[in-house]
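**Q** structure for the following, please:
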Amino acid sequence: MRSFFPKGRLSRMLAAGLLVFLLPAVVFAIPPEEPGDPSPLVLDNGDPAAAYRDVSALLARRGLERDQIAQVWSRLDRELYHRLMEGALSQRELELLVLPYCHVENMGRYLDYGERHPELTTEQVATEVNIGLDRPFYQGIQMVEDPDSQTVLVNKYHQLSPDYKPDLVRMGTAYTYGTAYLQREAWEQFKAMADQARTEGIRLWNVSSYRSYGTQERVYDRYVSQDGQSLADTYSARPGSSEHQTGLALDINTASVQAHFENTPTYAWLVEHCAEYGFILRYPEGKERITGYRFEPWHYRYVGKDIAKLCMERDLTYEEYVARLPVQGTNGVPALYIQGRELELGSGALMLEGRVYLSAGRLAQALGWRVGTTFGGEEVVLYGGEHWYTLTTGQNSQRDGQRVELSAPALMLEGELYLALDDLNFLLELDLGLEQTYVSDTTPAM
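**A** Prediction:
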């Protein structure tokens, strides 16, 4: 047995271990888990890990690595599971299921779009379908569910209701042409940006910020009567589809192609510094097919500093950013938290027969505990705080040498011991919780 304990503690622990054989066992019993909404993939075959083992072995033969296998597993429902086991899933489908931003409900659209565009990679296919580009603009429109969100996406596929109006503040007269409004945080950051630019000899001011649905309707109708709808749609949003209605977007210094704003030092300064204040160039050059609008060097959108930095550094439109955000699969494990801190276990968190199982070793490492093994790796020994734990397969483990009966069997998977979440909470005296409403990472997969 490899010792990882401080000197002095080992002898006390060995003595405590001997007492297990000399004294009547003290059994801590964990009550059965309350029934809840089961995972879509519940086969109830007696072995919680049987289906995962089958899937893992099959996917390994098809060249997938462990993290990729876990990603596919997290997206399997009963239908996809049976198709996979029958050999009916295509290579393209597997490539899609591996992607963190694969929406399983879009699978048919992915496959159809990929057939129509064989020049695109699997990643590009998924990204463009997630944006909605497999359909003409203004088809398959979704109404925005959370219009007050700072990260709301408003475009030709995601629209605001006619009566939506954000909480606005009036912009300072020294920073705008005429009376204008923005959401408070966007205004404060624009003011800070304009103040800094002024110290560097650059002047920034607003020429168009918040517009109501009705105002946008009048603006759009005027352009349609002037240039026709097809041309107007390349530079003006239909009512409900304008970012200006969010109070998070503004046109800086000009709103005219004739001004050639892109050739000015002011534009160069904005491109270099806008992300520092949470703004992105919303309709960049060369991305017209994605955004649906011509290059607008003057139009900037507030999304917050982290997202803005990522989009500007990676040359992502906001559509591409949102389309590549990770999504939780139907058989995936929600984010895991302890005392408000998220624990990232990667493939060390699995949904098995409707229950969350965690790798005890990875969990201990994430908590900063020490980990050891005994009996050729068949047992895992953890030391955390004032206690030590001996975990093994089956439904019995030990806390400080005393037997604890588990509510579900501990499982050995690919050399790691997995226990049910409720059992780990009870056995290790933790308060691990799951984020029931999945919130995706702000970093898109590339």
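**Q** break this structure down into its domains, please.
**A** What automatic domain parsing lists as the domains of the chain is 9-37+329-434, 50-131, 142-323.
**Q** tabulate those domains in CSV, adding columns for mean neighbour count, mean pLDDT and distance to residue 44.
**A** All C-beta atoms are positioned from the backbone trio N, CA, C, and that covers glycine. Output for the domains of the chain, formatted as CSV (neighbours: other C-beta atoms under 10 Å; pLDDT from 0 to 100; distance: least, C-beta to C-beta, whole Å):
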stretch, mean neighbour count, mean pLDDT, distance to residue 44
domain 9-37+329-434, 17, 79, 7
domain 50-131, 17, 95, 10
domain 142-323, 18, 97, 35
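**Q** mind jotting down where the strands sit in the stretch 101-250 of the chain?
**A** With DSSP state E, counting those that start in this stretch as the criterion, the stretch 101-250 of the chain has strands at 142-143, 158-159, 169-170, 181-182, 206-208, 249-252.
**Q** pairing partners for the third one, with directions?
**A** To tie it back to what came earlier, the one meant is strand 169-170. In the sheet, strand 169-170 lines up against strand 181-182 (antiparallel) (DSSP bridges).
**Q** do the same with the first one
**A** In its sheet, strand 142-143 lies beside strand 158-159 (parallel), with partners assigned from DSSP bridges.
**Q** how close does the residue lying closest to residue 138 once chain neighbours are set aside get to residue 136?
**A** Excluding the flanking residues, the one nearest residue 138 by C-beta to C-beta, 6 or more residues apart in numbering is residue 156, at 5.3 Å. For residue 156, the distance to residue 136 equals 9 Å [C-beta to C-beta, to the nearest Å].
**Q** likewise residue 85?
**A** Separation of residue 85 from residue 136 (C-beta to C-beta): 38 Å.
**Q** give the next helix or strand downstream of the longest strand seen in the chain.
**A** As assigned by DSSP state E, the longest strand anywhere in the chain is strand 402-413. For strand 402-413, the following helix or strand on the C-terminal side (DSSP states H and E) is strand 416-420.
**Q** which secondary structure elements does the helix or strand just after that following strand contact?
**A** As assigned by DSSP H and E, the chain's next helix or strand after strand 416-420 is helix 421-427. Secondary-structure packing of helix 421-427 (3 or more C-beta pairs under 8 Å, 6 or more residues apart in numbering; DSSP states H and E): strand 355-359, strand 402-413, strand 432-434.
**Q** helix/strand/coil for residue 395?
**A** Three-state assignment for residue 395 (DSSP: H, G, I helix; E, B strand; the rest coil): strand.
**Q** tell me which element residue 82 falls in.
**A** Residue 82 is located in helix 78-85, with elements delineated by DSSP H and E.
**Q** could you give the angle of whichever helix or strand comes after that helix to helix 78-85?
**A** Note on helix 78-85: by DSSP H and E, the next helix or strand toward the C-terminus is helix 91-98. Computed by axes from the mean of the first three to the mean of the last three C-alpha atoms, to 10 degrees, the angle separating helix 91-98 from helix 78-85 equals 130 degrees.
**Q** gap between helix 91-98 and the chain center?
**A** Relative to its parent chain, helix 91-98 has a centroid offset of 19 Å by C-alpha atoms, centre = their mean, to the nearest Å.
**Q** can you name every helix or strand that it contacts?
**A** Applying 3+ C-beta pairs under 8 Å, 6+ apart, we find helix 91-98 packed against helix 66-75, helix 107-116, helix 122-131.
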